[in-house]
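Undergrad: here are the coordinates; sequence isn't available:
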């Protein structure tokens, strides 16, 4: 398993591009400084998701970063992902924990302090909390940094901030002592995903040391 | 695990009714003669699917029939279903076989002789072949009974016919020596699911003996 390093966490999103372009952008982003990758696919069927995940598994292994799958625990199991992330309307964390091997990590979305505590109790290894800022990617209400800081303070497991984060506002969630920032459109939609990741990573590095140091 | 008995195989479908009515209809159908139940949900999120599957697991255990899940292998694992059924555009059979326990059965959709042979080779325990007749449930071309008989002859594993089967036409696939018929709307949409299942079961019984006799 790759080391767990959520400092600059890329969550994929299909805009108008296909699988090949998605893989190209993820590779550029990792070379620019992304420390882990989560494949999120909401519109495609299981077979297509699986084949894309297999390619992403090979790519992330080559690049030496952790590879997570969003929602579909069966696909995470089938491609031996390093982790799986579930939202509050997906398979419950407790049920996921029971069907994944002990070396597969579990991430859970937490929009409230109560979500966060419940997820930690259910065996989550990490939380994704947001949307910190307004975002077009998901229909999530903006939580702001005060609640983010409360969530971080309420649990022992790592908390990654997500939602509308970009180079211009990344310092605000990072100032809440979160363990990383997750970005979607700031990298996936960037004209140059390598440069976008590089810029974000330099901001992250000014707040967070590499893990285990 | 319940005995595998695919003679009258009910595949659920949500029409305009909710979870409670779905459970009520499934119970009536099993009391009328359905021998196994597959929960198929295409529109709901993982969490809702899981909670419904848990209720269906309890119900089918009480009624003593096998309970299968369509497509979502993770949900089948989480609720300890007796089997999981995948279509040709879902997670591939070989990948499913690797992540399910040896006592969980695997069904695969086969529309062609080649599909059928490949699925058997990949470790499928049973095939669902259709659409035998025109159906409004799925956008599948009608295969007719000649191809159904060819598929049945091409493999050693049980073959269940599916697609547009009702009390008026059930004898045609059953005459192809298939191991069972799967029905969706003929029971789920029936005014009286108990009576609909009873009528279908009496037709099935005139062709197929109970398993292990």
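TA: Done, it's in. Since this is a predicted model, take the numbers as computed values, not measurements.
Undergrad: residue ranges of the strands in chain A, please?
TA: Counting by DSSP state E, chain A has strands at residues A:8-11, A:36-39, A:66-70, A:83-86, A:105-110, A:126-129, A:159-162, A:180-183.
Undergrad: could the ones you listed go into TSV alongside distance to chain B?
TA: C-beta: built from backbone N, CA, C; applies to glycine. Shown next, in TSV, are these (distance: least, CB to the nearest CB, whole Å):
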stretch	distance to chain B
strand A:8-11	17
strand A:36-39	14
strand A:66-70	10
strand A:83-86	7
strand A:105-110	11
strand A:126-129	16
strand A:159-162	19
strand A:180-183	20
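Undergrad: where does chain A come near chain B, residue by residue?
TA: A:45-48, A:50, A:71-75, A:77-78, A:86, A:88-92, A:95-96, A:98-99 (CB under 8 Å from any CB of the partner chain).
Undergrad: Give me the subset of these lying in helices.
TA: Counting by DSSP state H, the part of these found in helices is A:46-48, A:50, A:73-75, A:77-78, A:95-96, A:98-99.
Undergrad: Mark which of those are buried, thanks.
TA: Neighbour-count burial (16 or more other CB atoms under 10 Å in any protein chain shown) applied to these gives A:46, A:47, A:50, A:73, A:74, A:75, A:77, A:78, A:95, A:96, A:99.
Undergrad: biggest separation within the residues you listed, which pair?
TA: A:47 and A:95 (23.5 Å; CB to CB).
Undergrad: do you know how far residue A:196 is from chain B?
TA: Going from residue A:196 to chain B by CB to the nearest CB, to the nearest Å gives 31 Å.
Undergrad: nearest to residue A:124, of the ones in helices among the residues of chain A next to chain B?
TA: For those, the closest approach to residue A:124 (CB to CB) belongs to residue A:96, at 8.9 Å.
Undergrad: give the contact list for the closest one.
TA: Residues near residue A:96 by CB atoms under 8 Å, 6 or more residues apart in numbering or on different chains: A:73, A:84, A:86, A:106, B:74, B:78.
Undergrad: Verify the stated contact: the second one with residue A:73.
TA: By that I understand residue A:84. Yes - assessed by CB atoms under 8 Å, residue A:84 is found in contact with residue A:73 at 5.2 Å.
Undergrad: And for the closest residue to residue A:60 other than its chain neighbours, the neighbour number?
TA: Leaving out its chain neighbours, the residue that sits closest to residue A:60 by CB to CB, 6 or more residues apart in numbering or on different chains is residue A:67, at 3.9 Å. With neighbours defined by other CB atoms under 10 Å in any protein chain shown, the count for residue A:67 comes to 25.
Undergrad: what bridges to residue A:67?
TA: Counting by DSSP bridges, residue A:67 forms beta bridges with residue A:37.
Undergrad: which parts of stretch A:120-137 are buried?
TA: Neighbour-count burial for stretch A:120-137 [16+ other CB under 10 Å]: A:120, A:124-133, A:135, A:137.
Undergrad: rewinding a little: now tabulate the strands of chain A in TSV and tack on distance to residue A:172.
TA: Converted to TSV, these look like this (distance: least, CB to CB, whole Å):
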stretch	distance to residue A:172
strand A:8-11	16
strand A:36-39	21
strand A:66-70	24
strand A:83-86	23
strand A:105-110	18
strand A:126-129	13
strand A:159-162	9
strand A:180-183	10
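Undergrad: who wins for proximity to residue B:27 among those strands?
TA: Across the strands of chain A, closest to residue B:27 is strand A:83-86 (CB to CB), at 30.3 Å.
Undergrad: what helices or strands is that closest one leaning on?
TA: Using 3 or more CB pairs under 8 Å, 6 or more residues apart in numbering or on different chains; DSSP states H and E, the elements in contact with strand A:83-86 are strand A:66-70, helix A:73-78, helix A:93-99, strand A:105-110.
Undergrad: could you dump the ones you listed to TSV with distance to residue B:164 and mean pLDDT?
TA: TSV is the format used below for these (distance: least, CB to CB, whole Å; pLDDT from 0 to 100):
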stretch	distance to residue B:164	mean pLDDT
strand A:66-70	36	98
helix A:73-78	29	98
helix A:93-99	35	98
strand A:105-110	41	98
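Undergrad: possible to save these as CSV with distance to residue A:200?
TA: Shown next, in CSV, are those (distance: least, CB to CB, whole Å):
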stretch, distance to residue A:200
strand A:66-70, 17
helix A:73-78, 25
helix A:93-99, 28
strand A:105-110, 19
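Undergrad: Residue A:24 is nearest to which of those?
TA: strand A:66-70 (16.2 Å).
Undergrad: outside of the closest one, which residues touch it?
TA: For strand A:66-70, contacts defined as CB under 8 Å, 6+ apart pick out A:1-5, A:11, A:35-41, A:53, A:56-57, A:60-61, A:75-76, A:79, A:81-87, A:105, A:107.
Undergrad: want to throw the buried residues of stretch A:120-137 into TSV with distance to residue B:157 and pLDDT?
TA: Converted to TSV, the buried residues of stretch A:120-137 look like this (distance: CB to CB, whole Å; pLDDT from 0 to 100):
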residue	distance to residue B:157	pLDDT
A:120	45	98
A:124	40	98
A:125	40	98
A:126	42	98
A:127	44	98
A:128	42	98
A:129	48	97
A:130	47	94
A:131	48	95
A:132	52	96
A:133	53	95
A:135	48	87
A:137	44	69
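Undergrad: now those as JSON lines including distance to residue A:112?
TA: What follows is the buried residues of stretch A:120-137, written out as JSON lines (distance: CB to CB, whole Å):
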{"residue": "A:120", "distance to residue A:112": "13"}
{"residue": "A:124", "distance to residue A:112": "14"}
{"residue": "A:125", "distance to residue A:112": "19"}
{"residue": "A:126", "distance to residue A:112": "17"}
{"residue": "A:127", "distance to residue A:112": "11"}
{"residue": "A:128", "distance to residue A:112": "13"}
{"residue": "A:129", "distance to residue A:112": "9"}
{"residue": "A:130", "distance to residue A:112": "12"}
{"residue": "A:131", "distance to residue A:112": "13"}
{"residue": "A:132", "distance to residue A:112": "14"}
{"residue": "A:133", "distance to residue A:112": "17"}
{"residue": "A:135", "distance to residue A:112": "17"}
{"residue": "A:137", "distance to residue A:112": "20"}
